[in-house]
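# Attaching a predicted model along with its sequence, questions to come.
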Amino acid sequence: MGAETATAEAFSQELAALKRQGCNVLVVNDPSGSDAACERLLGGSDLDRRHVFVPTTTSVSHVLDRHEPRRTDPAYFGVVDASTATRGAAQAAPSPGSAAQVDAGSTWYSRADELGDADDLYQQIDEHLTRVSEDAESPSEVRLCIDSLDPLFDAMSEETLFHFLHAVTSRVRQERGLGHCHIAAGVDPEAIAVIEPLFDATIHVETTDDGTVKQRWQLHESEQVTDWFVLE
């Protein structure tokens, strides 16, 4: 069966059902559209959300600066810092004058020293999800973000990465959460095709020449595809 263009009502109904039961989204984006898509999937700062971040290509201070309007109580917030494994500790440290300083002893913070150690990386994600999910009451209240899968393709074999993402996406569904993982639009489509079935939807994000960020959703179970629309 081929992909079908989704009506607004059918799309909204299926997406709402996915959010109620827990779901995961693969975000295929250009660099300019990454933050805009991420903020939308994390939920507004005025909403009661619990977040776990796994930065692999951005510094923890960047994550904290973006998260500043939200609560950073360990019951609502966790970071698995994989940026030191890909960028070096000096680059991953908070920049001078940053409003948010990293305290390595904080409950909300842990560090992955080897990006290729899938078992350790999953264990840390699991621990943070367990903590922030403890008092969660609503579907999609728990949100997970892996800021870029790109380095994982180099650090892990295809089989290891598949099993790692299978474990992570299953864990998110267990908590009826909403997980999203970013991947660059320039990654080999065949590599994307291997992991895409682990996700409930794929969002393609593009930035036009005038700076407008647009998105297009594909819901995997029904194979419904939306038209391109502005990401606000």
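Yep, it's here.

# in which helix or strand would I find the most centrally placed residue in the chain?
Centroid check for the chain by C-alpha atoms, centre = their mean gives residue 145 as the closest residue, at 2.4 Å. With elements delineated by DSSP states H and E, residue 145 resides in strand 142-146, which encompasses its position.

# Flag every buried residue along the helix or strand following that strand.
Moving toward the C-terminus from strand 142-146, the first helix or strand encountered (DSSP H and E) is helix 150-155. Using 16 or more other C-beta atoms under 10 Å as the test for burial, helix 150-155 gives 150, 151, 152, 153, 155. The C-beta positions use only the backbone N, C-alpha and C, and glycine is treated the same way.

# Looking at those residues, spot the one nearest residue 213.
residue 150 (19.5 Å; C-beta to C-beta).

# Can you tell me, leaving aside adjacent residues, what's nearest to the closest one?
The spatially closest residue to residue 150, leaving aside those adjacent along the chain, is residue 184, at 5.3 Å (C-beta to C-beta, 6 or more residues apart in numbering).

# How about the contacts made by that neighbour?
Applying C-beta atoms under 8 Å, 6 or more residues apart in numbering, one finds that residue 184 lies in contact with 28, 29, 30, 31, 148, 150.

# number of nearby residues for the fourth one?
Counted with other C-beta atoms under 10 Å, residues neighbouring residue 31 total 13.

# Report the backbone C-alpha coordinates of stretch 39-51 in CSV.
Listed in CSV are the C-alpha atoms of stretch 39-51, where the atom choice follows Å, rounded to 0.1, in the frame of the first residue of the first chain:
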residue,chain,number,x,y,z
GLU,A,39,11.1,23.0,20.8
ARG,A,40,7.7,22.0,19.3
LEU,A,41,8.2,18.4,20.3
LEU,A,42,9.4,19.2,23.8
GLY,A,43,6.2,21.1,24.5
GLY,A,44,5.7,24.8,25.5
SER,A,45,7.5,26.1,28.6
ASP,A,46,4.1,26.7,30.1
LEU,A,47,3.2,23.0,30.0
ASP,A,48,3.9,20.4,32.7
ARG,A,49,6.5,18.3,31.0
ARG,A,50,9.4,16.1,32.2
HIS,A,51,12.4,16.1,29.9
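
# mean confidence score for that stretch?
For stretch 39-51, the per-residue pLDDT values average out at 84.

# Including distance to residue 207 and pLDDT, could the contacts of residue 184 go into a markdown table?
Putting the contacts of residue 184 into a markdown table (distance: C-beta to C-beta, whole Å; pLDDT from 0 to 100) gives the following:
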| residue | distance to residue 207 | pLDDT |
| --- | --- | --- |
| 28 | 13 | 97 |
| 29 | 9 | 94 |
| 30 | 5 | 92 |
| 31 | 8 | 90 |
| 148 | 17 | 95 |
| 150 | 18 | 96 |
